[in-house]
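Visitor: structure of the sequence below:
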Amino acid sequence: MPPARSPWPWVWTLGGLGVLAVLVWSVGTGPFLAGLRLIDAPALAAASAVGAVTTVCCAWRWSLVAGGLGIRLPLPVAVAHCYRAVFLNSTLPGGVLGDVHRAVRHGRDAGDVLRGVRAVVWERTAGQVVQLVIAVAVLAVLPSPVRPYLPAVVAGLVAAGLGLVLLARAVPRSGASRWARAARTAVADVRAGLLARRTWLGVVLASVVVVAGHLATFLIAARTAGADAPLSRLLPLTLLALLAMGVPANVAGFGPREGVAAWAFAAAGLTAAQGVATATVYGALVLVASLPGAAVLLVRRFPSRVSGDCR
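Guide: Predicted coordinates for the structure are as follows:
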């Protein structure tokens, strides 16, 4: 009897559809369609250039973490896998299936699926942590709808960080239980893959560039959608929408991003419609920038017809 499939993918997808349904009910389909109509060639070219830089940096970060965990991942192969992952994330529900695919695929190629999955998990975690730190710093300096709540957020993050440090110190050095083995593996992975002298600086630098690239693409989307507010006003709003993309309840990336953008823009004195249009343009720009990933998929699907299979 085959194992039961988890219902969570469907739950997350329905959640994304629910957010989109509420937005359509609130602002109509106009902002979505208007945002798409406003996209022009310069915006596509700029987003594709920024996307190339962020993809290479993501691949570099992944290669560093994988090397720290003891599995080889050449940078050109990592770049091809990352392009494919971004394309799949931009076209499939959940926004993470591309990363799952690259984790499993690299693990199989390296002969250790579990370690390959752990490499992607820690690489993604490092990126999210750096993004969160940058977000807190920017939101603390520039005005935004969430600025009054930042002290409580910072206190919670500091408490969570201290809790993780204490938990890591309390991990038993021996013991055959599943929890003890998993905890020891996690601590060893962080030390070797993220905090080792040969990896931590590259991981941080790559993550900073990736966050900067995503923000630049969001600002390009905002200008393309007609938002003429100063950058100091737009940057916190686009950063909040970027943070919302970490929620997997989406449909090909659409959902929480548009919802948070609508709320943030409206709360900052702009309009919800402009927030929706900006987030829609961002999604379209990312999809176009990820199109090299579609070529990677075709190469993997027809290796006998197309040379340069990136294995």
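
Visitor: please export the C-alpha coordinates of the helix or strand harbouring Ala188 as PDB.
Guide: In the assignment (DSSP states H and E), Ala188 maps to helix 178-189. Provided in PDB are the C-alpha atoms of helix 178-189 (Å, rounded to 0.1, in the frame of the first residue of the first chain):
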ATOM      1  CA  ARG A 178      16.900   9.800  16.700                       C
ATOM      2  CA  TRP A 179      16.600  13.300  18.200                       C
ATOM      3  CA  ALA A 180      20.200  13.200  19.500                       C
ATOM      4  CA  ARG A 181      21.600  12.100  16.200                       C
ATOM      5  CA  ALA A 182      19.600  14.700  14.300                       C
ATOM      6  CA  ALA A 183      20.700  17.500  16.700                       C
ATOM      7  CA  ARG A 184      24.400  16.500  16.400                       C
ATOM      8  CA  THR A 185      24.100  16.400  12.600                       C
ATOM      9  CA  ALA A 186      22.500  19.800  12.600                       C
ATOM     10  CA  VAL A 187      25.200  21.300  14.800                       C
ATOM     11  CA  ALA A 188      28.000  19.700  12.800                       C
ATOM     12  CA  ASP A 189      26.400  21.000   9.500                       C
END
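
Visitor: and that helix, how far out from the chain middle?
Guide: Helix 178-189 sits 25 Å away from the centroid of its parent chain (C-alpha atoms, centre = their mean, to the nearest Å).

Visitor: what does stretch 207-220 give?
Guide: Worked out by C-alpha atoms, centre = their mean, stretch 207-220 lies 11 Å from the chain centre.

Visitor: contacting residues around the closest residue to Val121 other than its chain neighbours?
Guide: Among residues not flanking Val121 along the chain, Ala103 sits closest, at 7.4 Å (C-beta to C-beta, 6 or more residues apart in numbering). In short, each C-beta sits where N, CA and C put it, glycine included. The neighbours of Ala103, taking C-beta atoms under 8 Å, 6 or more residues apart in numbering as the test, are Gly116, Val117, Ala119, Val120, Val121.

Visitor: buried residues, stretch 140-160. List them.
Guide: Neighbour counts over stretch 140-160 (16 or more other C-beta atoms under 10 Å) mark Leu142, Ser144, Pro145 as buried.

Visitor: may I ask you to confirm that the second one is in contact with Leu237?
Guide: Think Ser144. Yes. Assessed by C-beta atoms under 8 Å, Ser144 is found in contact with Leu237 at 6.9 Å.

Visitor: model confidence over the helix holding Ala188, on average?
Guide: Across helix 178-189, the average pLDDT comes to 82.

Visitor: check stretch 45-53 too.
Guide: Rounded mean pLDDT across stretch 45-53 is 96.

Visitor: so what touches it?
Guide: So stretch 45-53 is contacted by Val86, Val209, Gly213, Ala216, Thr217, Ile220, Ala221, Leu285, Val286, Val288, Ala289, Ser290 (C-beta under 8 Å, 6+ apart).

Visitor: who does the helix or strand harbouring Val296 touch, helix- and strand-wise?
Guide: Per DSSP H and E, Val296 falls inside helix 292-301. Applying 3 or more C-beta pairs under 8 Å, 6 or more residues apart in numbering; DSSP states H and E, we find helix 292-301 packed against helix 75-91.
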